[in-house]
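J.: My questions concern the predicted model and sequence given below.
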Amino acid sequence: MHTKHEIISCDRCGTGIECKANAYTKCQCSVVQLTLNEVQYISENYEGCMCAKCLLELQGEYREAMGISL
C-alpha cells in the first residue's frame, strides 16, 4: 500500500500512524480536542506525535488527576 504521508510511531505506544503534519485537519490526532492545560500536561512527558487513542487516554488521565468530570 502506498501512502501519501510519512508513517511514524506513536511516541507513547509505538503504533504506526500516518503523519499528516502538512494537512493537520485531516490527521487522525486532530479528532481529539485538548485544552491548553491538557496539551501542557502531555508535552511535559512526550515530545513526538501520538495516536488519537493515546491522546484520549492521556486527556482522561489529566482530567482524573485534576478532578474534572467529563
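T.: Received it, and whenever you're ready, just let me know what you need.
J.: Would you map the strands across this structure?
T.: Taking DSSP state E, the strands of the chain run over residues 7-9, 16-18.
J.: packing partners for the first one?
T.: Using 3 or more Cβ pairs under 8 Å, 6 or more residues apart in numbering; DSSP states H and E as the contact criterion, the secondary-structure elements in contact with strand 7-9 are strand 16-18. Any C-beta I mention is one placed from the backbone N, CA and C, and that applies to glycine too.
J.: just how off-centre is the strand it packs on within its chain?
T.: 11 Å (Cα atoms, centre = their mean, to the nearest Å).
J.: Which of the residues in it are classified as buried?
T.: Buried positions in strand 16-18, judged by neighbour count with 16 or more other Cβ atoms under 10 Å: Ile17.
J.: show me the contacts for Ile42.
T.: 34, 50, 55, 58-59, 62 (Cβ atoms under 8 Å, 6 or more residues apart in numbering).
J.: one more time with 7 Å
T.: Contact analysis of Ile42 by Cβ atoms under 7 Å, 6 or more residues apart in numbering lists Leu58.
J.: Noted, bye for now.
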